[in-house]
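Trainee: generate a structure from the sequence data that follows.
(one chain, ligands or ions: 1)
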Amino acid sequence: TAVPAVTGTATAEANPNIALIKYWGKADAAYNLPVTGSLSLTLDTAPTRTTVTLDDTLAADELVLGGVVQAARPAERVRVFLDLVRALSGRTERARVDSVNLIPTGAGLASSASAFAALAAAASAAYGLGLDDRALSRLARRGSGSASRSVFGGIVRWYPGDDASSYAEPVPADLDLAMVVAIIDAGPKTISSTVAMNRTTATSPFYPAWAESTTAQLDEMLAALDRADFTAVGELAESNSLRMHATMAGAWPPVRYQTAASIALVDAAGELRAAGVEAYATMDAGPNVKFLCRPDDADRVAAHLATVDPGARFLSARAGRGVRLLGS
Ligand code: 2P0
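Mentor: Next up is the predicted model:
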């Protein structure tokens, strides 16, 4: 029977998220099940836009990132993900994936979160899976753990658990948050977060304490959000980030994303607080530093940080939307 070459196409857009309580460690690597829960803020900037087009004339899936055809690891990761979508849909066509990232990839700006949230939404629509948001979050998790959170907007919690129960969901909060991102190095990561977190869980003697402390800090964070206590939210975020990087330092070979420039910027958050401006620093799997602050303080925060690191670029963000389909 004649089947048209192109049987389905969909485009989705997703934004990055920045964890205030971090995901660092897998209980199950095949399913990307986290050791602990985590909590993040979805940003209103730097989205990934991805189009998935089914084409049964293709011999293999094709990944085009920012207009450049990809081979090796990124393409393999997308193929594995599409295999999963094909298994769920009962369909066999290969697909062309065309993705545009409006932030530098691999620079610790959560680009894998926006990438796999957008891919999950576009691929599930193109292959005709009728997923609700929770199922979409579980699917995005399989691509990259943090992508489970970018399915939703605002403040989002991701549950640990098994394949059925490990999904993200929005946390209602009566707080207006801003995030100033200091981009000090847009180059590729020294070590991928997947490799780094697996090494940390396997070799850092501090790991059990990290898991216990993060579970406690997540509960404290939820309570702080519930009473709209901005100061407690900021202090918990900064503390949890420092504990994550301390835990990595205990791995062998050690994992370190902080550079001298990062440390100077983290110190600047303390300087701002001493001057009466509440800013709290958090870092992920890269040298960039993100500052949680009140929206009215964002310009002042960025201005002070620019004096500390005149070479840095700054991105100012607020709470943003979850993933959305642009057309199918
Ligand atoms: C987070 N990070 O909670 C933590 C904090 C980086 C530091 O999630 O292996 O790309 O694809 O599940 O999600 C980055 O790790 O890792 C990350 P995989 P992912 O945002």
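Trainee: tell me where the model's unsure across the stretch 201-328 of the chain.
Mentor: Residue ranges of the stretch 201-328 of the chain with pLDDT under 70: 327-328.
Trainee: now the helices for it?
Mentor: 207-226, 230-249, 260-274, 298-308 (DSSP state H, counting those that start in this stretch).
Trainee: and of these, who's closest to the ligand?
Mentor: helix 230-249 (6.5 Å; CB to the nearest ligand atom). Bear in mind the C-beta positions are built from the backbone N, C-alpha and C, glycine included.
Trainee: just the CA coordinates for the closest one, please, in PDB.
Mentor: Below are the C-alpha coordinates for helix 230-249, written out as PDB (Å, rounded to 0.1, in the frame of the first residue of the first chain):
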ATOM      1  CA  PHE A 230      11.500  35.100  49.500                       C
ATOM      2  CA  THR A 231      14.500  35.200  51.900                       C
ATOM      3  CA  ALA A 232      14.100  31.500  52.900                       C
ATOM      4  CA  VAL A 233      13.600  30.500  49.200                       C
ATOM      5  CA  GLY A 234      16.800  32.300  48.300                       C
ATOM      6  CA  GLU A 235      18.900  31.000  51.200                       C
ATOM      7  CA  LEU A 236      17.800  27.400  50.500                       C
ATOM      8  CA  ALA A 237      18.600  27.700  46.800                       C
ATOM      9  CA  GLU A 238      22.100  29.100  47.400                       C
ATOM     10  CA  SER A 239      22.800  26.500  50.100                       C
ATOM     11  CA  ASN A 240      21.600  23.600  48.000                       C
ATOM     12  CA  SER A 241      23.700  24.600  45.100                       C
ATOM     13  CA  LEU A 242      26.900  25.000  47.300                       C
ATOM     14  CA  ARG A 243      26.200  21.500  48.800                       C
ATOM     15  CA  MET A 244      25.800  20.000  45.300                       C
ATOM     16  CA  HIS A 245      29.200  21.400  44.200                       C
ATOM     17  CA  ALA A 246      30.800  20.400  47.400                       C
ATOM     18  CA  THR A 247      29.600  16.800  46.900                       C
ATOM     19  CA  MET A 248      31.100  16.800  43.400                       C
ATOM     20  CA  ALA A 249      34.400  18.000  44.800                       C
END
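Trainee: pull the residues that contact it.
Mentor: With contacts defined as CB atoms under 8 Å, 6 or more residues apart in numbering, helix 230-249 is touched by 20-22, 24, 175, 177, 196, 200, 204, 206-207, 209-210, 213-214, 217, 220-221, 224-225, 254-258, 269, 278-283, 292-294.
Trainee: quick one: it to helix 260-274, angle?
Mentor: Relative orientation of helix 230-249 and helix 260-274, computed by axes from the mean of the first three to the mean of the last three CA atoms, to 10 degrees: 160 degrees.
Trainee: and helix 230-249, which residues are buried?
Mentor: Neighbour counts over helix 230-249 (16 or more other CB atoms under 10 Å) mark 230, 233-241, 243-245, 247-248 as buried.
Trainee: and what of stretch 258-276?
Mentor: For stretch 258-276, the neighbour count (16+ other CB under 10 Å) marks 258-259, 261-262, 265-266, 268-269, 272-273 as buried.
Trainee: residues in contact with Trp24?
Mentor: Contacts of Trp24 (CB under 8 Å, 6+ apart): 35, 197, 200, 210, 214, 244, 247-248.
Trainee: wait, Arg77
Mentor: Arg77 sits in contact with Gly143, where contact means CB under 8 Å, 6+ apart.
Trainee: hmm, back to that, mind putting the helices of the stretch 201-328 of the chain into TSV with distance to Tyr159?
Mentor: Formatted as TSV, the helices of the stretch 201-328 of the chain follow (distance: least, CB to CB, whole Å):
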stretch	distance to Tyr159
helix 207-226	10
helix 230-249	17
helix 260-274	29
helix 298-308	31
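Trainee: pull up the gap between Leu175 and Gly276, please.
Mentor: 19 Å (CB to CB, to the nearest Å).
Trainee: before we move on, what about Arg300?
Mentor: Arg300 sits 10 Å away from Gly276, going by CB to CB.
Trainee: what does Val64 give?
Mentor: 49 Å.
Trainee: domain parsing of the chain, as residue ranges.
Mentor: 9-173, 178-318 (automatic domain parsing).
Trainee: deepest of those, which one?
Mentor: Most buried of the domains of the chain, by mean neighbour count (mean count of other CB atoms under 10 Å): domain 9-173, with a mean of 21.
Trainee: wait, does that one make contact with the ligand?
Mentor: Yes - part of domain 9-173 sits near the ligand under the criterion CB under 6 Å from any ligand atom, namely 19, 22-24, 32, 38, 110, 112, 144-146.
Trainee: dump the helices of the stretch 201-328 of the chain to a markdown table, plus distance to the ligand.
Mentor: Formatted as a markdown table, these follow (distance: least, CB to the nearest ligand atom, whole Å):
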| stretch | distance to the ligand |
| --- | --- |
| helix 207-226 | 10 |
| helix 230-249 | 6 |
| helix 260-274 | 13 |
| helix 298-308 | 20 |
